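# sequence first, predicted coordinates after that:
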Amino acid sequence: MRLTFINGSPRGNKSNTERLMDHFIKGFLETGDNICEIEYLTKNRHSLAALAEKFAAAEHVIIGFPLYVDAMPGSVKEFFETLQPYMGKENNPAMGFVIQCGFPETSHLRYVERYCEKFSRRMNCRYLGSMLKGGCEGLDVQPTFLTDKYYQYFYQIGVEFGKTGKFDEIILGKLARPEHLKAENLAQIIPFINQALWDAQMEKNGVLDRSFDKPLMP
Amino acid sequence: MKYLVISGNPCCDRNYMDQYIDRFLDGIKSAGHEVQLIVLRGMKIKPCTGCFNCWVKTPGHCLIRDDGNEIARQYIASDHVILVSPLIMGFLSSLLKNTMDRIIPLVHPHIEDVAGEVHHKKRYDKYPVISFLLEKESFTDAEDIAIATGIFQREAINVRSSLGFVQFTETPVEEVLHAINIH
C-alpha cells in the first residue's frame, strides 16, 4: 500500500503533528510492501499546484494539521483551494486526516472534522476518517506516561491501517478522549497548563510581568 | 457604532462581491455609523507560523513584519467586525483565514473555564462582535452552511467575542442591512 502523508503544520517537521504521525507511520511500515512518502506544506508553499498533482496521483493521502482559530490553518485552506480542479474526479485517492489541538478536549475539533469529511466527499475521495487528539501543545514537556499512551494509539492505528487500509474505529474513539472535561478536572488542569506551559516560557523570556500587556490598545 | 469590514475576496474579477461591499458600506454610513474597509487582497499577510512569540516573548505583539499587526490593531478598536468572503471549497478564503490566524495576539495564552470548556483568557477589556457576509458557491448546501456557522460560533467564543450574523450576498443589500438592524 502506498501512503502520502501531507503535513500541513506551519511548524513543519518540528511540529506536534509530526511527532504523532511518526508513530502512525512506524506502525504502517511494519506491514511489508507498504511505502510512505511525507510532504510538508511549509516546503511546498510556492509549488502548491505540483503538490495537488501529487495528491491526485496518490493512492492514500493523510493530511495533518493543528487547529488554528477553530479550523484548519490558512495555509492548509490554501492547499484545499488548490485541489478544486480535481474535485469529483474518478480515481482520486482515499483521504484521511489527523487533527490535533492544544486544548485538552476533543470537542474543539468536531466542526473541522465534519468539514474534512464533507471535503473528502466533495472531492470524490473515499473518506478514511479523522484521528483527533486534544492536549497536544508542548508534547515535549508532557510527562511520558501520558504521551506514551497517545503514541501507542497512533502506532496501533498505523499497524491496522497498514494491514486493512482502514482506521480502527475503537482506537480512534480512545484517542479522542476526553470529549469534554468535568468541572473538577478543569479546575485541576487549568492552573497546571497555565504555569507549566505558558508562565514557564514567559519567565524564561523575562516577560512574565508584562504577560497581560495591551500593545494594540486603541 | 464603529464597524470594520474586512474583505477576504481574493479575486478582483469577482466584481459582484466588491460592488456588493460598496453598497453595504454606503448603507452602514447612511445609517450614521462609522465604517472602515480593509481589502486584504494586495496587502502583506504572511501565515501564522505557530511560534507563539506573541504570547511568550513580546506579549500581545506578533513579530512577523507585515500588515498583520495593523489589522489586529484596527480589529480591537472596532465595535463590530464584519468578515466578508466567498466560500471556496466550503469555507472562508485562505486569504481571510490567514488573517484570522493572525489575531491570536489579541488573546492571552492562559486558559480558563468558559461555560464548561477551556478557552483563552482575555487580553483586552472589550472585543468586537464578529459577523460573516459570504458568497455561496454553485454547490453550497445546507450542510456546508451548518458546518461553517458551527466553526464561526466556536471562533467567536475563542476570540472572546460573540457571533453577530451570518448572511449571504444572494440576499439584497437592503434586506441584509434591515436584518442586522442597520436602517
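Sure, I can see it.
# okay, and the residue nearest the centre of chain A sits in which element?
The centroid of chain A falls nearest to A:Ile99 when counting by C-alpha atoms, centre = their mean (3.0 Å). For A:Ile99, the host element (DSSP states H and E) is strand A:94-100.
# could I get the buried residue list for stretch B:47-62?
B:47-50, B:52-60, B:62 (16 or more other C-beta atoms under 10 Å in any protein chain shown). In short, each C-beta sits where N, CA and C put it, glycine included.
# sec struct for A:Asn13, please.
What DSSP: H, G, I helix; E, B strand; the rest coil gives for A:Asn13 is helix.
# distance of it relative to chain B?
13 Å (C-beta to the nearest C-beta, to the nearest Å).
# correct me if wrong: that residue contacts A:Leu41.
No: judged on C-beta atoms under 8 Å, A:Asn13 makes no contact with A:Leu41 at a distance of 11.2 Å.
# now do the SS call for the most centrally placed residue in chain B.
Closest residue to the average C-alpha location of chain B: B:Leu83 at 3.5 Å, with C-alpha atoms, centre = their mean. Under three-state DSSP, the three-state class of B:Leu83 is strand.
# pretty sure it is touching B:Ile6, no?
Yes: counting by C-beta under 8 Å, B:Ile6 is a contact partner of B:Leu83 at 5.3 Å.
# overlap in contacts of those two?
B:Leu96 (C-beta atoms under 8 Å, 6 or more residues apart in numbering or on different chains).
# give the contact list for the residue in chain B sticking out farthest from the centre.
Going by C-alpha atoms, centre = their mean, the residue of chain B most distant from its centre is B:Lys57, 25.8 Å out. Neighbour list for B:Lys57: A:205, A:207, B:63 [criterion: C-beta under 8 Å, 6+ apart].
# next: A:Phe28.
Shown in contact with A:Phe28 (C-beta under 8 Å, 6+ apart): A:3, A:34, A:36, A:158-159, A:161-162.
# ok, those residues vs chain B, which is closest?
Distance to chain B across the contacts of A:Phe28 (C-beta to the nearest C-beta) is lowest for A:Leu3, with 23.0 Å.
# how many neighbours does the closest one have?
When neighbours are defined as other C-beta atoms under 10 Å in any protein chain shown, A:Leu3 has 25 of them.
# the helices in chain A, which residues?
Taking DSSP state H as the test, the helices found in chain A are A:16-28, A:48-57, A:74-82, A:110-123, A:144-164, A:169-175, A:183-193, A:200-204.
# please read the previous query as pertaining to chain B.
Assigned by DSSP H, chain B shows helices spanning B:15-30, B:53-56, B:68-76, B:94-101, B:142-158, B:173-179.
# stretch A:104-124 close to chain B?
Yes: remark: stretch A:104-124 sits within contact range of chain B at A:104-105, A:107-108, A:111-112, A:114-115, A:118-119, A:122, by C-beta under 8 Å from any C-beta of the partner chain.
# fine by me, thanks again.
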